[in-house]
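[1] Sequence plus predicted model, see below.
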Amino acid sequence: MTIKHQLGLIGYPLSHSFSKKYFAEKFKEEKIAGYHYELYPIPTITALPNLIAETTNLLGINITIPYKQQALPYLDEVSEEAAKVGAVNTIKITNGRLKGYNTDVYGFEISLRQLLATATIPLSSMKALVLGTGGAAKAVLYVLDKLGIKTQLVSRSAKKGQITYDKIDKACLEHHQIIVNTTPLGMSPNSDSAPALPYKYLSNQHFLYDLVYNPAVTKFLQMGLNHNAKIRNGLEMLHLQAEESWRIWTTDNPECSKQ
C-alpha cells in the first residue's frame, strides 16, 4: 500500500494507547486507502520538530500524556477552543504549518451529557470534583463550565483554586454529585490503584466518570458501583475525539475518499 498520508500519536509512554488499532480498523472497515497511523513515543517534547521533519507525508498528530500543554509553543496556530482550554490533543499539518485543536472537549461533552441524562436536578444545579490538574483536566473543566456546572479541582498539592484529597469528606461528597478522574490512577497494569476518596459516602445520586478506559471498570468506578452510583469510562470519549480528529485532518483534503 502506498502511504499518501501519515498520521500518528505522540506521548510517553504509549503502551496504553488504543489509537493505532482504532484507526487501522477504521481504514479497513471503511475501505480508506492511502492512510497509515503510527505511534511515536517521544521521550521529550523537544523531539517533536525532528519527528515532523523526518516523517514523510505527515498530515496530522494526536497528543496524549504528558504533552497536551507542552506542545503549545511548537504550534503556528491554535483553534479558539483549544486556546481557551489551554491544551491541545490534535495537530493538523498544512503546508508545513501546525495548527492545534482540542477534540477531547467534543468527546467529553457528548459522553458526559449521556451519563447525566438521568440526573434528577438541572445540570446548572450540580457540582463536580475534578481529580487531577493536567492537560486532560483542562478540557474537562472547559466542558463543565460550558454546561454551567460548578467545579472544584483536586490535586496532591495545595494551590490556589484547588484542594488536596484529604480535604474531601462526607459533606464535600454530598455537595458534589459528579466526580471526574483525569489522572492515570487505575490504568492497567496498575489497576489496583485509585484516587484516595472516602468512597463509603457515595450514593445513587453520584455520577463517576473515569477518563481511563483500560480496564473498562477501574477500581475508582467499581467503588462507585458498590454504592449504586452511575459510572462511565473514557472509551466512548476516545472514540468521539478520534472521529473528530479524523474530520479535522481530512476537511478540505480532496484526496480523502473511500476506494
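    Sure thing, it's come through. Numbers count the residues shown, from 1 in each chain.

[2] Please, where are all the strands along the stretch 1-150 of the chain?
    Counting by DSSP state E, counting those that start in this stretch, the segments of the stretch 1-150 of the chain that form strands are 5-10, 35-40, 58-63, 77-78, 90-94, 97-101, 127-131, 150-155.

[3] Can you tell me which of these is nearest to Ala117?
    Taking CB to CB, strand 127-131 is the member of those nearest to Ala117, at 16.0 Å. In short, each C-beta sits where N, CA and C put it, glycine included.

[4] Pull the residues that contact the closest one.
    For strand 127-131, the external contacting residues (CB atoms under 8 Å, 6 or more residues apart in numbering) are 137, 140-141, 144, 149-154, 168, 172-173, 175-183, 195.

[5] Let me have the strands of the stretch 1-150 of the chain in JSON lines, adding distance to Glu236, mean neighbour count and mean pLDDT as columns.
    Listed next are the strands of the stretch 1-150 of the chain as JSON lines, based on distance: least, CB to CB, whole Å; neighbours: other CB atoms under 10 Å; pLDDT from 0 to 100:
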{"stretch": "strand 5-10", "distance to Glu236": "19", "mean neighbour count": "20", "mean pLDDT": "97"}
{"stretch": "strand 35-40", "distance to Glu236": "20", "mean neighbour count": "18", "mean pLDDT": "97"}
{"stretch": "strand 58-63", "distance to Glu236": "17", "mean neighbour count": "23", "mean pLDDT": "97"}
{"stretch": "strand 77-78", "distance to Glu236": "26", "mean neighbour count": "17", "mean pLDDT": "98"}
{"stretch": "strand 90-94", "distance to Glu236": "18", "mean neighbour count": "21", "mean pLDDT": "97"}
{"stretch": "strand 97-101", "distance to Glu236": "19", "mean neighbour count": "20", "mean pLDDT": "98"}
{"stretch": "strand 127-131", "distance to Glu236": "18", "mean neighbour count": "22", "mean pLDDT": "98"}
{"stretch": "strand 150-155", "distance to Glu236": "21", "mean neighbour count": "19", "mean pLDDT": "97"}
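
[6] mind putting these in JSON lines, distance to Ala71 included?
    Output for these, formatted as JSON lines (distance: least, CB to CB, whole Å):
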{"stretch": "strand 5-10", "distance to Ala71": "8"}
{"stretch": "strand 35-40", "distance to Ala71": "12"}
{"stretch": "strand 58-63", "distance to Ala71": "5"}
{"stretch": "strand 77-78", "distance to Ala71": "10"}
{"stretch": "strand 90-94", "distance to Ala71": "7"}
{"stretch": "strand 97-101", "distance to Ala71": "7"}
{"stretch": "strand 127-131", "distance to Ala71": "22"}
{"stretch": "strand 150-155", "distance to Ala71": "22"}
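
[7] Out of those strands, the one nearest Gln205 is which?
    Of all the strands of the stretch 1-150 of the chain, strand 127-131 comes closest under CB to CB, at 11.7 Å.

[8] Could you please name the strands the closest one pairs with and the direction of each pair?
    In the sheet, strand 127-131 lines up against strand 150-155 (parallel), strand 178-181 (parallel) (DSSP bridges).

[9] For the closest residue to Leu225 other than its chain neighbours, grab the count of nearby residues.
    Ranked by CB to CB, 6 or more residues apart in numbering and with sequence neighbours excluded, the top spatial neighbour of Leu225 is Ile231, at 6.0 Å. Residues near Ile231, counting by other CB atoms under 10 Å, number 19.
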